[in-house]
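[1] Provided below for reference: sequence and predicted model.
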Amino acid sequence: MTRPLACSLATLLALIAPGSAEPATPPPDAPGVEILVNGVPQPRYAHDGRWYVEALKGREYAIRLRNPYPVRVAVALSVDGLNSIDARQTTASHARKWVLGPYQTVTISGWQTSAAQARAFEFTTEERSYGQALGKTANLGMISAVFFRERTPVYSLRDQESRAETQAPAAPPARSAVEGSAAGRSAGKAAADEYAATGMGRRTEHAVEQVWLDLEDAPAASIDIRYEFRYYPIDQSCNSYVPRTMFPNACRAAAAAEAAGQIGGIEAFWRMHDLMYDHQRDSDDSLDDAHLVRYAEQAGADPATVALDLAGDNYESKVKSSFMSGVRSGVNGTPTFFVNGVRFEGDWTNADAFTAALEEAAE
């Protein structure tokens, strides 16, 4: 019986550019997927059977994949429902995949656009997302990695002796074989919104090549991570779920950031974010409306429009909707961690206590 090509002899994009793979040391038993911002893994929260990470607007990110098996694996990696290699929407078994050696860890930093280049992953809004550009927005905010193990041949002693006697010359490189098949042809290149999404950032050098793999029919593991934007101001003026106000005017600051982002785009939003954090402790009134309007102007947003938005409470409901979503997940402060859907009540700065909770959940 002939199986679909992607299941039996899958055409897979492989081999990360030199220097992007970490040392291949045996990791824990489970396949790993981590979201990195500036090389730092982002906290991951479990709720209702899903993993969540916070999306940091305008920031580039990367996805680190870990193979815990003693055989090669092929990973169908999709972002916003789009394959990270060719931007197609297919089943995991038919998708193009990244190949990892035994116990290897690799970091994928962007959409592969050619055999030599990629475009960086960047947290953005639906309007500016790659999915929106392609008209494919059904799965925004979702990162999915499906791991397939390479099928291990089983030979008898007689088979091995026969193969040794009739050994054929070495086959040409996998790239030559793949490029001759239909499945191996080059793939086509493919301000504050309600949904987080991923855009196409700067161009990066990322050379790859194609190989053949004989994969097991069923995936060894499947990991889905949802990423979303959330506010949680520790300010009772808009958030009655906090026991006391720790950051006066935090609600106004969140609304001002939204206003700046609507007017000046993602860059203005993050400049506003940084200005507020840099100056929040300058004085007791460093986050009052007058200062917020001044920061907005420095961030590149029209100060008069921001002032009108603040006066009219135009973004108060949006900020409340954002943090209420966190409340429904059990958040009542920052940071808040969940382990397999259970809120961690210990001291998150205590590495031993945190590790113990993770080990208990893994049992």
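    In hand now; what should we look at? Keep in mind that this is a model prediction, so the values were computed, not measured. Residues are numbered from 1 along each chain as shown.
[2] Can you identify each of the helices in the stretch 101-250 of the chain by residue range?
    Secondary structure of the stretch 101-250 of the chain (DSSP state H, counting those that start in this stretch): helices at 130-134, 157-165, 174-179, 250-279.
[3] Show me what the mean pLDDT comes to for the first one.
    In this case it means helix 130-134. Mean per-residue pLDDT for helix 130-134: 88.
[4] I'd like the numbering to begin with 322 instead of 1 from here.
    Yep, numbering from 322; the last one is helix 451-455 now.
[5] re earlier: out of the helices of the stretch 422-571 of the chain, nearest to Ala376?
    When these are compared by Cβ to Cβ, helix 571-600 sits nearest Ala376, at 11.5 Å. Using the backbone N, CA and C atoms, a C-beta is placed for each residue, glycine as well.
[6] how far does the very next helix or strand once past the closest one sit from the chain's center?
    Scanning forward in sequence from helix 571-600 by DSSP states H and E, the next helix or strand is helix 610-620. Mean-position distance between helix 610-620 and its chain equals 32 Å (Cα atoms, centre = their mean, to the nearest Å).
[7] who's the closest residue to His527 other than its chain neighbours bridged to?
    Taking Cβ to Cβ, 6 or more residues apart in numbering, and ignoring the residues beside it in sequence, His527 has Ala439 as its nearest neighbour in space, at 3.9 Å. According to DSSP bridges, the partner residues bridging Ala439 are Gln433, Thr525.
[8] do the same with the one 4 residues further on
    Assessed by DSSP bridges, Glu443 has beta-bridge partners Glu381, Gly520.
[9] In the stretch 372-521 of the chain, what residue spans correspond to strands?
    Listed in chain order, the strands of the stretch 372-521 of the chain (DSSP state E, counting those that start in this stretch) span 381-387, 394-400, 403-404, 419-421, 426-429, 431-433, 438-446, 463-470, 517-526.
[10] Test my guess that Asp623 contacts Ala581.
    No. Counting by Cβ atoms under 8 Å, Asp623 does not reach Ala581; the two are 9.2 Å apart.
[11] which residues are in contact with both of those two?
    Ala617 (Cβ atoms under 8 Å, 6 or more residues apart in numbering).
[12] more neighbours, the two?
    Ala581 (35 against 16; other Cβ atoms under 10 Å).
[13] That one contacts Ala589, doesn't it?
    Yes. Judged on Cβ under 8 Å, Ala581 makes contact with Ala589 at a distance of 4.8 Å.
[14] Mutual contacts of the two, please.
    Joint contacts of Ala581 and Ala589 (Cβ under 8 Å, 6+ apart) are 617, 620-622.
[15] quick one: which of the residues you listed is nearest to Glu637?
    Ala617 (16.4 Å).
[16] What about the closest one, how many residues nearby?
    30.
[17] Now it. Nearest residue, chain neighbours left out?
    Val627 (4.1 Å).
[18] pretty sure the one you found is in a strand, no?
    No. Going by DSSP: H, G, I helix; E, B strand; the rest coil, the assignment for Val627 is helix, not a strand.
[19] ok now do it, which residues does it touch?
    By Cβ under 8 Å, 6+ apart, the neighbours of Val627 are 577, 580-581, 584, 613-614, 617-618.
[20] Neighbour-wise, which one of those residues leads?
    Ala581 (35 neighbours).
[21] Tell me who's in contact with it.
    589-590, 592-593, 616-617, 620-622, 627.
[22] let's see 6 Å
    Listed by Cβ atoms under 6 Å, 6 or more residues apart in numbering, the contact partners of Ala581 are 589-590, 593, 617, 620, 622.
[23] of those, closest to Arg387?
    Phe590 (32.5 Å).
[24] count of neighbours near the residue nearest to the closest one when sequence neighbours are not counted?
    Of all residues not flanking Phe590 in the chain, Gly582 sits nearest, at 3.3 Å (Cβ to Cβ, 6+ apart). Look at Gly582: counted by other Cβ under 10 Å, it has 27 neighbours.
[25] Ala528 now?
    14.
[26] That one contacts Ala437, doesn't it?
    Yes. Counting by Cβ atoms under 6 Å, Ala528 does reach Ala437; the two are 5.0 Å apart.
[27] phi, psi of Arg602?
    Phi and psi for Arg602, reported as degrees, to the nearest 10, are phi -110, psi 10.
[28] how far away is it from Ser638?
    Relative to Ser638, Arg602 is positioned 28 Å away (Cβ to Cβ, to the nearest Å).
[29] can you check Ser435 too?
    44 Å.
[30] do the same with Gly379
    23 Å.
[31] between the two, who's got more neighbours?
    Gly379 (21 against 11).
[32] Sketch out the low-pLDDT regions of the stretch 472-621 of the chain for me.
    Within the stretch 472-621 of the chain, the ranges that satisfy pLDDT under 70 run 474-516, 547-551.
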